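**Student:** coordinates for the following, if possible.
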Amino acid sequence: MSLLRAEMANWQGSNASSNGTDITIGFTSSAVAVFLFGSNFVPVKKFDTGDGMFFQWILCTSIWIVSLIVNLIQNCPKFWPLAMLGGFLWATGNVTVVPIVKTIGLGLGLLIWASFNLLTGWASSRFGWFGIDPEMVANPVLNYVGAGLSVLSTILFLFVKTDVQSSLSSSESTPILREHSINAYEQRAENQNDESWVDSLSPPRKRIIGCSLAVIAGILYGSSFVPVLYIKDHGRRNGTTYTGASQFDLDYVFAHFSGIFLTSTMYFLIYCAIMKSHPKVYPEAILPGFLSGLLWAIATCCWFLANRYLSAVVSFPIITAGPGFIAAMWGVLVFKEIKGLRNYILLFIAFCVILAGSLSTAFSKV
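**Tutor:** Residues are numbered from 1 along each chain as shown. Just a heads-up that it's a prediction; the model follows:
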């Protein structure tokens, strides 16, 4: 009897140690993901990306290369085509990013789409939308309070005014790869051709379009994990197509990122056809775009790990809310997009509200 008790104590100690390790890995992955998601568009901020179609293809190419490396490290796990649907949803939302940044700025744009990303991801996992298993929480009221606070924070973000034009005029100067032999007339013509549809909008229209696109992007981003969760949930059941599917989230990175690359390529080819094989290509944006994709891919891999070690109901609020703070700090301290005491106060209140909402959502699981 004493031997059995000793074995039980050892097992419980080992289990507690394992749980502690899982929590450490989960929160470390979340912290890395938060910082990288909040910073991944910074490398391209000072470079002209035009209408963004060429930039998004470069970014998604970098993302796919990272997934290929991860796939090889994981010894090429089984490829589930359904996981590519999540990549399609994300890439569709990603097409809107450059217009969002050009219309309302990096800080405000990311804050809005992060809020809707949080709400969509939370609701789909909490209520079991799209055929995934609903996440049961110990305190449903606290969970709903967290979701409500997230909605409130989004409303507050809409009142934060950004000054994108002045920041662009000071930082996004003449592209660095122009030929010195181009005469003044040709330079003026090129500048006019390089202008995207965003540049011709009035400030009120920019704000309306930018905020609307940010909402759409957030919904698409928040749905992008659903196919992987669907496969995992049905993998634990007998008699389904996905029975026996891996429960380790990194095993789905290659399929998810392949969906991103194929979708972005499809959009770019459609864009080239619309432009009659004369797409706007910006060579100076290639390396910054590649670096941006690299940062995003690493951040998403960390998010997959956080889902594995913390569960989506905990990682989603943290990773979707946190990057807004990092992005806003870039916007305030470096790009000078957000100015004025009133905006600073609104930002501080919004950060407090979304932080409270994220924590409420996370702790409702405990």
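**Student:** span of stretch 220-228 from start to end?
**Tutor:** By Cα to Cα, to the nearest Å, the extent of stretch 220-228 from end to end equals 15 Å.
**Student:** ugh, wrong one, stretch 270-280
**Tutor:** Distance across stretch 270-280, first residue to last, is 13 Å (Cα to Cα).
**Student:** and that stretch, how far from the chain's centre?
**Tutor:** 27 Å (Cα atoms, centre = their mean, to the nearest Å).
**Student:** where does the chain dip in pLDDT?
**Tutor:** 1-20, 106-107, 154, 157-158, 160-198, 335-338, 361-362, 365-366 (pLDDT under 70).
**Student:** Ile274: what's it in contact with?
**Tutor:** If you count contacts by Cβ atoms under 8 Å, 6 or more residues apart in numbering, Ile274 has none. Bear in mind the C-beta positions are built from the backbone N, C-alpha and C, glycine included.
**Student:** at 10 Å what do you get?
**Tutor:** Met53 (Cβ atoms under 10 Å, 6 or more residues apart in numbering).
**Student:** mind listing the helices for the protein?
**Tutor:** With DSSP state H, the ranges of helices along the chain come out as 2-39, 53-73, 83-94, 97-104, 106-127, 140-157, 164-171, 184-194, 203-223, 226-235, 253-274, 286-310, 312-333, 341-363.
**Student:** give the other helices and strands that the third one contacts.
**Tutor:** Same thing as helix 83-94. Applying 3 or more Cβ pairs under 10 Å, 6 or more residues apart in numbering; DSSP states H and E, we find helix 83-94 packed against helix 53-73, helix 203-223, helix 226-235, helix 253-274, helix 286-310.
**Student:** can you check the fourth one too?
**Tutor:** Packing partners of helix 97-104 (3+ Cβ pairs under 10 Å, 6+ apart): helix 53-73, helix 106-127, helix 164-171, helix 203-223.
**Student:** could you rerun that using 6 Å?
**Tutor:** Applying 3 or more Cβ pairs under 6 Å, 6 or more residues apart in numbering; DSSP states H and E, we find helix 97-104 packed against helix 203-223.
**Student:** got the buried residues for the helix it packs on?
**Tutor:** 206-207, 209-211, 213-215, 217-223 (16 or more other Cβ atoms under 10 Å).
**Student:** distance between it and the chain's centre?
**Tutor:** 14 Å.
**Student:** in a markdown table: the helices of the chain, plus distance to Asp133.
**Tutor:** Below are the helices of the chain laid out as a markdown table (distance: least, Cβ to Cβ, whole Å):
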| stretch | distance to Asp133 |
| --- | --- |
| helix 2-39 | 20 |
| helix 53-73 | 26 |
| helix 83-94 | 17 |
| helix 97-104 | 31 |
| helix 106-127 | 9 |
| helix 140-157 | 16 |
| helix 164-171 | 42 |
| helix 184-194 | 49 |
| helix 203-223 | 16 |
| helix 226-235 | 4 |
| helix 253-274 | 19 |
| helix 286-310 | 14 |
| helix 312-333 | 11 |
| helix 341-363 | 18 |
